[in-house]
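Novice: Here is a sequence with its predicted model. Questions after.
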Amino acid sequence: MVKNKLLKQHFGYDSFREGQEFLIDSILDGKDVLGIMPTGAGKSICYQIPALMMKGITLVISPLISLMKDQVEGLNQAGIHAAYLNSSLTPGQYRKALHYAKEGRYPIIYVAPERLFTEEFLDFALASSIVMIAVDEAHCVSQWGQDFRPSYLKIAEFINKLPVRPVVAAFTATATREVKEDIIDLLMLQSPALITTGFDRKNLYFGVMSPKDRYGVIKNYLECHPGDSGIIYCLTRKVVEEVCEKLLKEGVAATRYHAGLTDEERKKNQEDFIYDKSSVMVATNAFGMGIDKSNVRFVFHYGMPKNLESYYQEAGRGGRDGQPAECILLYNGQDVITNQFFIENNQDNKELDPLTREMVMERDRERLRRMTFYCSTNECLRDYILRYFGEFGGNYCGNCSNCLSRFEIVDVTEAAKALTGCVRECRQRYGVNVIIETVHGADTAKIRGYRMNQNSFYGSLKAVPVYKLRQIMNELLMKSYLDLTKDEYAVLRLTEQSESVLNGEIKVTMKMAREQENPAKVKAGGKGRKGQISAGREIAGSEANLFERLRSLRMEIAKKEKVPPYLVFSDKTLTHMCILQPKTREEMLQVSGVGEYKFEKYGKQFLEVTSSWR
C-alpha cells in the first residue's frame with residue numbers, strides 16, 4: 001500500500017504504531033480526527049503521511065517557532081519538501097517562502113496561529129487548495145488546558161473563511177475530559193474520529209525524592225551518567241542561574257534557558273542543547289514545548305510543578321526515541337508555597353472577567369493539590385498519573401521509585417484520630433502546618449498566639465517525626481477523611497467520613513517506607529542503564545563500543561550538515577545497528593529508522609563501520 005511505502009521510504013519504519021493507521025485512514029476518508037497520544041507516539045506521522053497522498057496543501061498550525069523549525073528540518077532530512085511561515089523569517093524570506101508555496105512546491109506548510117489573519121497569508125490561503133488543517137498541541141485552544149493560547153481561538157474562524165472546508169486533524173499529548181471536549185467544540189470538529197492510545201510510556205522511570213541537598217542529588221546523578229543528555233527544570237530564573245553556574249564549575253557541559261535572557265541567548269542556548277554541544281539544559285518551564293530532541297535520557301524537576309499536566313508533558317520530553325529515560329522530581333514543602341504565589345499572581349489571563357478568572361484560579365489550586373498528593377503518595381507513581389488522566393492500571397509498574405522501594409502497611413488510626421480531633425476542637429479554623437505543629441507540641445509564638453497550646457491534642461503526637469505526620473495528613477486528605485478549602489489560605493475542614501475516624505469506626509492504614517536512605521547518596525533511577533535497550537535486551541561490551549563509534553560518526557555528519565545529530569539517526573536506530581551489525585544494503589534497510597532516502601544520504605557511511613566491526 002502507498003502509505004506503508006511512504007512510511008518506509010521517508011521515515012524508515014516497517015509498520016505503524018498504535019493508533020497511527022486508524023487516524024491516517026480516517027483523514028484519507030475525509031473525516032475530522034482528534035488524536036490524543038503520548039509524547040513520542042508519532043503524532044506528526046498521522047498527518048504527514050496523508051499530506052503526501054492528498055492533492056493540495058496541508059497547513060500545520062503550531063504554537064512555537066522552535067517546534068516548526070524542528071519539524072521542517074526533520075521532513076527535509078527525510079526527503080519531504082516543507083516550509084514554515086513565522087516571525088523568525090525576514091520579510092524577504094517570508095515573501096519568498098509564500099511565493100514557493102503558491103507554486104505548490106510544499107505539500108506541508110507550518111504556520112503560527114497569529115499569522116492566519118494577516119492580509120498576505122489570508123490572500124494566499126483563500127487562493128490555494130488547502131486540503132487539510134492539522135492543529136498541533138491542540139490543548140492550547142482550551143482555557144482549562146495548561147498552555148492556553150488565545151490565538152488558537154481564531155482557528156475555527158479561519159477555517160470558516162476558506163472557500164472549501166478542509167479536513168481538520170487535531171493532536172495533543174495531554175488532555176483531561178474537559179480539555180478534550182473543548183478541543184472538539186472550539187475547533188468545531190465535525191463528528192471526529194477519536195482515538196486515545198493511552199498515556200502510559202513504559203520506557204520512563206518515575207521517581208520522587210525529598211532530599212535536604214537537591215543539588216547533591218543532581219551532582220551525584222550526573223557523575224553516574226556522564227555525557228547523557230538531559231533537562232533540569234527549575235521553578236524560578238534565579239534557581240536556573242544558580243544550578244547552571246554550579247554545574248559549569250563542576251565541568252558539566254550545561255546551558256540555561258528562561259524568559260529573562262535575550263532572544264539571541266535563548267536561541268543559541270537551545271541550539272547548543274539540540275546539537276549536543278551542551279549535554280544538560282537547565283531551564284524554567286519556558287523551555288521545551290515542541291522540542292523534538294529524541295535522545296534526552298533524563299528529566300529532573302528541581303522543584304514541584306504546579307500541576308500534573310505540566311509535569312507529565314515536561315517529563316515526557318525524555319525518551320522520545322522509546323529508549324529508557326529517568327524522570328526524577330525533587331520535592332520540598334516550600335514548592336507548594338512558591339506555586340501558590342504563582343497562581344495568585346498569574347498574569348496570563350488578565351483579559352478574563354473576574355468570575356471566570358476566579359474559576360480558573362480555583363481550578364489551578366485544585367490541580368496544585370493533586371500535584372502535591374503525587375509527591376507524597378506511597379502508591380505507584382505511574383498509576384497515580386494514569387488515573388489522573390482517566391486510565392486505570394494495577395497499582396504496580398515495577399519502574400517507579402515507589403514500586404521499587406520497600407513498604408509496609410502501618411496502622412495510623414490513633415494518629416489520624418489526634419489530627420482529626422485537633423481540627424474539630426479548633427473549630428476548623430487553621431491549615432495543615434498549624435495542626436501538625438500543634439499535635440507535635442511546637443512551642444512557637446504562632447501556636448501560643450492562636451492558643452493552640454491549650455488544645456487538648458497539643459503535644460499528643462510529640463514522638464512522631466514531623467515528616468511522618470505530614471505523610472499521615474496527606475493520606476487523610478487523599479482518602480477524604482479531611483478536606484482543604486480551595487481559597488488562597490487553605491483551611492482544614494471535616495468531611496462526612498471524619499466522624500467515622502473520630503469514633504474509631506474505621507481502621508486507618510497506609511503504606512510507609514521501612515527504611516529511609518540518604519537520597520543524595522542514592523543513584524537515582526531504579527534499573528540503571530548499561531547501554532541503550534532495544535529488541536528486548538541491553539547492549540554492552542563490544543556493542544556498546546560500536547554504539548560510541550556510530551555516535552561519533554553521527555556527530556561528524558551533523559556538524560558538517562549543520563543539523564541536530566538525532567535528525568541524522570536517532571539513538572534507537574544506532575542501537576538497532578549495534579545489534580544487527582548489518583553487512584549489506586538490504587540488512588541496513590532492516591534497521592528501524594533507516595529508509596531508502598536516508599540510506600542513500602547517510603547509510604553507506606554507517607554501513608562501512610558496521611560491516612567491518614569485529
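Specialist: Cool, the structure landed.

Novice: Return the residues in contact with residue 297.
Specialist: 225, 228, 229, 230, 318, 319, 323, 324, 325, 326, 529 (Cβ atoms under 8 Å, 6 or more residues apart in numbering). C-beta here means a position set from N, CA and C on the backbone, and glycine is covered the same way.

Novice: what about 6 Å?
Specialist: Shown in contact with residue 297 (Cβ atoms under 6 Å, 6 or more residues apart in numbering): 228, 229, 230, 325.

Novice: just the strands in the stretch 301-450 of the chain please.
Specialist: 325-330, 407-411 (DSSP state E, counting those that start in this stretch).

Novice: now the most centrally placed residue in the chain: how far from residue 599?
Specialist: Against the mean C-alpha coordinate of the chain, by Cα atoms, centre = their mean, the closest residue is residue 313 at 1.7 Å. Residue 313 is 34 Å from residue 599, where distance means Cβ to Cβ, to the nearest Å.

Novice: Can you give me the domain boundaries for this structure?
Specialist: 2-196, 204-355+367-388, 407-514, 535-611 (automatic domain parsing).

Novice: possible to save those domains as a markdown table with distance to residue 400?
Specialist: As requested, the domains of the chain are exported to a markdown table (distance: least, Cβ to Cβ, whole Å):
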| stretch | distance to residue 400 |
| --- | --- |
| domain 2-196 | 16 |
| domain 204-355+367-388 | 4 |
| domain 407-514 | 12 |
| domain 535-611 | 20 |
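
Novice: now these as CSV including mean pLDDT and distance to residue 361?
Specialist: Shown next, in CSV, are the domains of the chain (pLDDT from 0 to 100; distance: least, Cβ to Cβ, whole Å):
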stretch, mean pLDDT, distance to residue 361
domain 2-196, 90, 12
domain 204-355+367-388, 89, 6
domain 407-514, 90, 9
domain 535-611, 87, 39
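
Novice: So for residue 398, which of those domains sits nearest?
Specialist: Of all the domains of the chain, it is domain 204-355+367-388 that lies closest to residue 398, at 8.9 Å by Cβ to Cβ.

Novice: Now do the end-to-end distance for that closest one.
Specialist: 17 Å (Cα to Cα, to the nearest Å).

Novice: just stretch 591-608 next, same as before
Specialist: End-to-end span of stretch 591-608 (Cα to Cα): 15 Å.

Novice: And that stretch, what's buried?
Specialist: Using 16 or more other Cβ atoms under 10 Å as the burial criterion, the residues of stretch 591-608 that qualify are 591-599, 601-603, 606-607.

Novice: What of stretch 356-364?
Specialist: Result for stretch 356-364 [16+ other Cβ under 10 Å]: buried residues 360, 361, 363, 364.

Novice: Which of those residues scores worst on pLDDT?
Specialist: When the buried residues of stretch 356-364 are sorted by pLDDT, the bottom entry is residue 360 at 79.

Novice: coming back round to it: and the strands of the stretch 301-450 of the chain, which is most packed in?
Specialist: Highest mean neighbour count among the strands of the stretch 301-450 of the chain (mean count of other Cβ atoms under 10 Å): strand 325-330, with a mean of 26.

Novice: Helices of the stretch 401-550 of the chain, start to end?
Specialist: Assigned by DSSP state H, counting those that start in this stretch, the stretch 401-550 of the chain shows helices spanning 413-425, 432-439, 445-449, 466-478, 498-502, 542-561.

Novice: Out of those, flag the one nearest residue 144.
Specialist: helix 466-478 (22.8 Å).

Novice: what about the helices in the stretch 151-300 of the chain?
Specialist: 155-161, 177-186, 214-224, 237-249, 263-274.

Novice: how far off helix 237-249 does the last one point, in degrees?
Specialist: Helix 263-274 and helix 237-249 meet at an angle of 50 degrees, taking axes from the mean of the first three to the mean of the last three Cα atoms, to 10 degrees as the criterion.

Novice: and for helix 263-274, what are the contacting residues?
Specialist: Contacts of helix 263-274 (Cβ under 6 Å, 6+ apart): 255, 257, 278, 281, 293, 564.

Novice: Residue 609 - that's part of a helix, no?
Specialist: Yes: assigned with DSSP: H, G, I helix; E, B strand; the rest coil, residue 609 falls within a helix.

Novice: residues in contact with it?
Specialist: Contact analysis of residue 609 by Cβ under 6 Å, 6+ apart lists residue 549.

Novice: please redo it, this time with the cut-off set to 7 Å
Specialist: 549, 550, 553 (Cβ atoms under 7 Å, 6 or more residues apart in numbering).

Novice: Name the member of those with the most neighbours.
Specialist: residue 550 (22 neighbours; other Cβ atoms under 10 Å).

Novice: thinking again about what came up before, closest one to residue 30 out of the buried residues of stretch 591-608, please.
Specialist: For those, the nearest to residue 30 is residue 595 (27.9 Å; Cβ to Cβ).

Novice: For that closest one, which non-adjacent residue is closest in space?
Specialist: Spatial nearest neighbour of residue 595, chain neighbours left out: residue 12 (3.6 Å); criterion: Cβ to Cβ, 6 or more residues apart in numbering.

Novice: what are the phi and psi angles of residue 83?
Specialist: phi -150, psi 160 (degrees, to the nearest 10).

Novice: measure residue 601 to residue 184 for me?
Specialist: From residue 601 to residue 184 the distance is 40 Å (Cβ to Cβ).

Novice: Out of the helices of the stretch 151-300 of the chain, flag the one nearest residue 435.
Specialist: helix 214-224 (27.0 Å).

Novice: So what's the gap between the closest one and the chain middle?
Specialist: 22 Å (Cα atoms, centre = their mean, to the nearest Å).

Novice: ok, back up a step: between the buried residues of stretch 356-364, which is nearest residue 178?
Specialist: Within the buried residues of stretch 356-364, distances to residue 178 taken as Cβ to Cβ reach their minimum at residue 363, with 9.0 Å.

Novice: mind checking how far the closest one is from residue 309?
Specialist: With Cβ to Cβ as the criterion, residue 363 and residue 309 are 11 Å apart.

Novice: likewise residue 68?
Specialist: Relative to residue 309, and taking Cβ to Cβ, residue 68 is found at 23 Å.

Novice: Need the contact partners of the helix ranked longest in the chain.
Specialist: Longest helix in the chain by number of residues (criterion: DSSP state H): helix 354-376. Contacting residues not belonging to helix 354-376 are listed as 143-144, 208, 304-308, 311, 329, 331, 336, 339-340, 343, 349, 352, 381, 384, 388, 471, 474, 478, 484, 486 [Cβ under 7 Å, 6+ apart].

Novice: Could you do stretch 316-329 as well?
Specialist: Contacts with stretch 316-329, where a contact means Cβ under 7 Å, 6+ apart, come from 38-40, 173, 201, 203-209, 231, 288, 291-292, 294-301, 304, 315, 375, 524-525, 529, 532-533, 570-572, 575.

Novice: Go ahead and measure how far that stretch is from the middle of the chain.
Specialist: Per Cα atoms, centre = their mean, the centroid offset for stretch 316-329 relative to its chain is 9 Å.

Novice: Perfect, that will be all.
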